[in-house]
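Trainee: return a 3D structure for these sequence lines:
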Amino acid sequence: MVQDDYLKALLYGMDPEISLSDSPILERAAAIAQLEQTGGGLVALKSILGKLADQGIHRWYEPGVLSLEEQAIFAQAKSSKAVDQGVRDQIIDGLSTLRKHYANEDSEAYRYSLHHFVQTYGARVAYGTHDDTSLFDRNRVMAALSASLKATNGEPSFVLLKGTISGIQRYIYDNVKAEQIGQAERTAKRLRGRSFLISFINQVIAEVIVEQFDVEQANILFVGGGQFMMLLPDISDFEEKINDIVKAINLGFIERLGMNIGLLIAYENCNESLREEYPSIVDQVHQKLGQNKMQRHSSYLEDVFDQFHAKQVEVNMEFAKAEEERLGELTPYANFILEIAGLEEDKLEALQSAINKPPATIRRFSFLKRLYYIVERRTEQDRGDRWVLARSLFYFLQQHEATFKSFDACLRIIALNESDLMGLMAIFSSLDLTIGFGYRFLGKYTPTYTYDHLSAREDLKEMEEKRHLGGIQFFDDLAALNESDQMKLKYRQLGVMRLDVDDLGTLLKSGLTEPRIDEVVCLSRELQLFFGGYFNKIAAQHHVYVVYSGGDDAFVLGSWLNVILFARSLEKDFRQFTLGNQYVNFSAGIFMCNPHYPIPRFAKDAERLEKAAKQFEHKDEHGNPRQKNTIHLFNQNLPWPTFEAMMIYEEELQALLPSDEQREVKGRNINRSMLHRLLRTIQATRGDVIERYRSIAGLHSLMARHGYGDKALNKERLDGAGAKVKELLQLVSQEDEQAKTRLDYLTVPIHMALYKTKKN
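Mentor: Numbers count the residues shown, from 1 in each chain. Here you go, the predicted structure:
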């Protein structure tokens, strides 16, 4: 029988022997969180995204385990809300297996694994009448409150703390120069390595803080997008303790990562009012965080200066470059990470020295009493099989079993973008080591070289660029990829896209009517699941490089064509994910440049276009004025429905263009010269009247020379090209604002058609 209130809270609704009446702390936690205390049962989970802004859209997830498969990501309309016995048995059997694996249910490894077990089996079912919040989210809120109540001897005295990692963009792009011959490999690897570290670091910092306050994994309410939110007990020395933690972390950052990266926190004290005032308390914390940005390091500036006088920062920065490149090489295949925690830094160094030929290591976090190993693939055949890599990790642990036992370290195996805990646990069950098992969803997809890519290159023998099977693609090769992942684009430009969910803060604050805490954390986790996990699958379909993605924003690179196609698929899938809720949208900007364009500059340029998209005023399909929910590309802001219409138009236009600049032998068609003249005409419509009419006359004359004069266009039956030409000529001749706006939008498909058929 489970005795610990925290574990009881996590397992409520899964273990039939657990009742909220088992403990006064459990009952108090449930009351504070506004969770029903009567009986119930497992039911299908209704997507909370349909509830936002009182939309009342009802869709349910297929009951089962959490994964990145479509049935777990997209809710569907269904009449039955029952959870069949097979799902219930799966939960009971899984829990039985987990308990048998661990002899001590009070061990850190068991508690860590149980948290992720409940997430896997409880994130796609609900309990009782509150069917719009997952069992996992309601239980972890109750567990976080239970852990905090235990620390305050039952007093409902809490602290809601928000943290953010500032300077993320400066760190990722700082001193990463444009690709040059001989440097392309290092550039691609360092960018990948840095972005991976940033994606990883939020969870590390959050876990360090909860451990220092002797609470649990569930006290971390949200991690993603460079931010985290947690619930902590309001103990007597809270302020002194949190200040010491932040100081130690920031000084460690300066020593290991330089001045760019820093941890900012803000917090608000609360009590039982957390029940009714959670959104407003979150808003207060957010405002404090904005104020604190101007005071980073203010209370320990002398220690900051001492770091630099010691010259250790410069030494570490040189070491960091090599680590970043190594991480960048391994990240595309980093399916499992081994975490060693709980040892002082000198013992971690001793452990590292005791292991003969250790795998690649993230040593950057050793000042936080953590060391991370990433297991390399042994052969090229290992690349596509994550379980082969798991076996490699097993052999590594088996080989050094005695060493790990002698150091008595806390071991965790973290799977990336894979939630099959039972399969992972089975591989390591024969080891005489106590290991915790968990997983994280983070954006990390990276296009790599295949046999087809390498055989397509004419300069394969140029060894100074080190292109190799399975290696990260250099930007100039990435820019050549077409939609079929072949290096066949003649016009090779990078597409750089940045995006951000519109008004997420407002949605979290007021998108739910009288929200419970579990509803808010459920909404945040669902968005992280999409942008941190499923996002990778869309990126893989379109061969784009995920610089970062998580929480509510993302940054990707690819060929100009693939990034546009990726944007189209992402918006379509996001619309399905949000159940078509018109108040949940994102805006994006796409910048195009030469593959050797400086990385810091294209990041800023894409950010500028994203802001332009967010500021664009337009009308929705119902004629209501709107902002945001827009994409900016080719110097145009387009609402997403218009963007989709222009993509369809481009497909129609492309079908009428020859494959090269040569005129077709039979029949007439639209060619590049016509499209160039059309672009000039559209630009002229924005100028003076005389130039407008001159351009229109010139366009009519050009079309007539190609066989599209008035006589030809007035026939009853026109071929596809004739119909398209007639439509375009009629449109440019209209003078109303609606026609001019449509003409502006047409520059997008025209540019795409010209780029696709451009030779160089």
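Trainee: could you use CA atoms for every contact and neighbour count after this?
Mentor: Noted.
Trainee: what's the separation between residue 195 and residue 203?
Mentor: 14 Å (CA to CA, to the nearest Å).
Trainee: more neighbours, these two?
Mentor: A side-by-side neighbour count of residue 195 and residue 203, using other CA atoms under 10 Å, places residue 195 first with 27 against 18.
Trainee: number of residues surrounding residue 730?
Mentor: Residue 730: 10 neighbours (other CA under 10 Å).
Trainee: now tell me which helix or strand of this protein has the poorest mean pLDDT.
Mentor: In the chain, no helix or strand scores lower on mean pLDDT, DSSP states H and E than helix 301-309, which sits at a mean of 63.
Trainee: mind listing what's buried along the longest helix that the chain contains?
Mentor: Criterion DSSP state H: the longest helix present in the chain is helix 184-212. Residues 184-203, 205-210 are the ones in helix 184-212 that count as buried (16 or more other CA atoms under 10 Å).
Trainee: from the contact counts, what lies against it?
Mentor: Other elements packing on helix 184-212 under the criterion 3 or more CA pairs under 8 Å, 6 or more residues apart in numbering; DSSP states H and E are helix 168-173, strand 220-224, strand 227-233, helix 312-330, strand 545-550.
Trainee: just send the ones you listed back as TSV, with mean pLDDT, distance to residue 110 and mean neighbour count too.
Mentor: Below are these laid out as TSV (pLDDT from 0 to 100; distance: least, CA to CA, whole Å; neighbours: other CA atoms under 10 Å):
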stretch	mean pLDDT	distance to residue 110	mean neighbour count
helix 168-173	78	33	18
strand 220-224	93	17	24
strand 227-233	95	21	24
helix 312-330	70	29	18
strand 545-550	89	27	26
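Trainee: ok, residue 437 touching residue 412?
Mentor: Yes - under the criterion of CA atoms under 8 Å, residue 437 makes contact with residue 412 at 5.7 Å.
Trainee: ok, the two, which is more surrounded?
Mentor: The neighbour comparison of residue 437 against residue 412 (other CA under 10 Å) goes to residue 437, with 25 against 22.
Trainee: what is the neighbour count of residue 727?
Mentor: Residue 727 has 12 nearby residues by other CA under 10 Å.
Trainee: give me the phi and psi angles of it.
Mentor: Recorded main-chain torsions at residue 727 are phi -60, psi -40, according to degrees, to the nearest 10.
Trainee: cool, residue 728 as well?
Mentor: The phi/psi pair for residue 728 (degrees, to the nearest 10) is phi -70, psi -40.
Trainee: what's the spacing between it and residue 650?
Mentor: From residue 728 to residue 650 the distance is 13 Å (CA to CA).
Trainee: so for those two, which residue has more residues nearby?
Mentor: residue 650 (19 against 14).
Trainee: which helix or strand contains the more buried one?
Mentor: Secondary structure from DSSP states H and E places residue 650 in helix 640-655.
Trainee: now that helix, how far from the chain's geometric center?
Mentor: 27 Å (CA atoms, centre = their mean, to the nearest Å).
Trainee: list of residues touching it?
Mentor: 568, 571, 629-631, 724, 745-746, 748-750, 752-753 (CA atoms under 8 Å, 6 or more residues apart in numbering).
Trainee: and if you look at stretch 513-520?
Mentor: By CA under 8 Å, 6+ apart, stretch 513-520 touches 33-34, 48, 53-54, 132-133, 137-138, 141, 275-276, 278-279, 508.
Trainee: mind running it again at 10 Å?
Mentor: 32-35, 48, 51-54, 130, 132-142, 221-222, 274-279, 507-509, 511-512, 524-525 (CA atoms under 10 Å, 6 or more residues apart in numbering).
Trainee: much appreciated, bye for now.
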